[in-house]
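> need a 3D model of the sequence below.
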Amino acid sequence: MKSHILILLCIVVLGVIGSCQGDGIGKNYYKVTCPHAEEIVKNVTEKHVCKNPSLPAKLLRMHFHDCFVRGCDASLLLNSTTNNTAEKQAIPNLTLSGFDVIDDIKAEVEKTCPGVVSCADVLALAARDSVSFELQRPLWEVLTGRRDGRVSRISEALANIPSPFSNFTTLVRNFASKGLDVHDLVVLSGGHTIGIGHCNLFSNRLYNFTGRGDQDPSLNPAYASFLKTKCRSLRDIITTVEMDPRSSLNFDNHYYVILKQKMGLFQSDAALLTDDSALKTVDELLDSSKFFVEFAQSMQKMGAIGVLTGTAGEIRKKCYVVN
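Take a look at the predicted model:
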């Protein structure tokens, strides 16, 4: 039934198409300067989601990786230059995709309001709109008014993006450096309810957890056996599996259900079960309505990390290059 509804929604969306002032981020920032900005972003985003149902996970991850390096300033979108290797080239970002979608959305906005809407806002809005499409309601509020950064360094991406191999202590420290607490860590990890993971990011848990050719004892044995049928060696860097088995295209709280069953794919997922306060939050988020409320709050908090406003940064004409 859900698939039929999404098909009908896509038919409607594909028949549709043909915004900011003041300092700081806030509601309706583009109301005067580009009143249709958010509508344009939403329409173009939904067109792409109709063609590619895996896009929401990709844009959500892109937004997350952008905000954790220099704040939510679209520095992740910049290409490398002769004299600089950009964030895009960092190992955690090599499996990102959807940059072409952001470029397409930005181009459509530029046709209506040239030089007004930032790439940082386009990415933040597109991430929200793509994830929200399935449920046909905005899942979190996106304040706007961000400006675009001019700096993007591979070294900063490596130093700041949370690793799937991290233990709980490292994760807490990483999130705290961005003004996010343990509650935000557990809630935002729920984004793993959609999307896929590459074998090389967790196969050590299957074949060589402590360097002795062993399996991670915190991983559900039956699930580990299944994963071994997909990822047959430590050297597999191509194969992918769903992060939330049989539910990787549905944005819901099922991640916490499988987490409690010790089926979290990454070490960083399993780490959430090693701390009492984190585990308490995991249990609370088994309530679907609670999850959606908390996810909305943590996403808005994340979307405000290190934003550039006022006269800082710039409004890029093209997201992959500074003006």
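> run through who's touching stretch 248-259.
The contact list for stretch 248-259 (C-beta atoms under 8 Å, 6 or more residues apart in numbering) reads 2, 53-54, 56-57, 131, 134-135, 139, 189-190, 192-196, 242-245, 247, 264, 269, 272-273, 282, 285-288, 291-292. The C-beta positions use only the backbone N, C-alpha and C, and glycine is treated the same way.
> now do the buried residues in that stretch.
Ser248, Leu249, Phe251, Asp252, Asn253, His254, Tyr255, Tyr256, Val257, Ile258, Leu259 (16 or more other C-beta atoms under 10 Å).
> residue boundaries of the helices in the chain?
2-13, 37-51, 55-67, 99-112, 119-132, 154-160, 168-176, 182-189, 204-207, 221-230, 254-260, 267-270, 276-284, 288-302 (DSSP state H).
> nearest to Thr82 among these would be which one?
helix 154-160 (14.3 Å; C-beta to C-beta).
> how far out from the middle of the chain is stretch 186-196?
8 Å (C-alpha atoms, centre = their mean, to the nearest Å).
> likewise for stretch 141-150?
On C-alpha atoms, centre = their mean, the centre of stretch 141-150 falls 16 Å from the chain's centre.
> same check on stretch 219-237?
Worked out by C-alpha atoms, centre = their mean, stretch 219-237 lies 25 Å from the chain centre.
> ditto for stretch 87-106
11 Å.
> tell me which residues are up against it.
40-41, 44-45, 48, 55, 58-59, 61-62, 65, 69, 75-80, 117, 119, 122-123, 126, 152-154, 156-158, 161, 163, 198, 318-320.
> swap the cut-off to 7 Å and go again
Here stretch 87-106 makes contact (C-beta atoms under 7 Å, 6 or more residues apart in numbering) with 41, 44-45, 48, 55, 58-59, 61-62, 65, 69, 75-77, 79-80, 119, 122-123, 126, 152-154, 156-158, 161, 198, 319-320.
> about what we covered before: want to throw the buried residues of stretch 248-259 into TSV with distance to Gly145 and pLDDT?
Shown next, in TSV, are the buried residues of stretch 248-259 (distance: C-beta to C-beta, whole Å; pLDDT from 0 to 100):
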residue	distance to Gly145	pLDDT
Ser248	33	91
Leu249	32	94
Phe251	26	97
Asp252	31	97
Asn253	31	97
His254	34	97
Tyr255	31	98
Tyr256	33	98
Val257	37	97
Ile258	37	97
Leu259	35	98
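> could you report the neighbour count for Lys51?
Counted with other C-beta atoms under 10 Å, residues neighbouring Lys51 total 10.
> could you do Pro217 as well?
11.
> give me phi/psi at it?
In this entry, Pro217 is assigned phi and psi values of phi -70, psi -20 (degrees, to the nearest 10).
> so what pLDDT did the closest residue to Leu308 other than its chain neighbours get?
Nearest in space to Leu308, with sequence neighbours left out and distances taken as C-beta to C-beta, 6 or more residues apart in numbering, is Arg147 at 4.2 Å. For Arg147, the pLDDT comes out at 98.
> who's in contact with Arg147?
Here Arg147 is in contact with Ser118, Ala120, Leu308, Thr309, Ala312, Gly313, Glu314, Ile315 (C-beta under 7 Å, 6+ apart).
> on that earlier part again, buried members of the contacts of stretch 87-106 into PyMOL, please.
Buried members of these, defined by 16+ other C-beta under 10 Å, are picked up in PyMOL with:
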select buried, resi 41+44+45+48+55+58+59+61+62+65+69+75+76+77+119+122+123+126+152+153+154+156+157+158+161+198+319+320
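> of the contacts of Arg147, grab the buried ones for PyMOL.
Those of the contacts of Arg147 that count as buried under 16+ other C-beta under 10 Å are selected in PyMOL with:
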select buried, resi 118+120+308+309+313+314+315
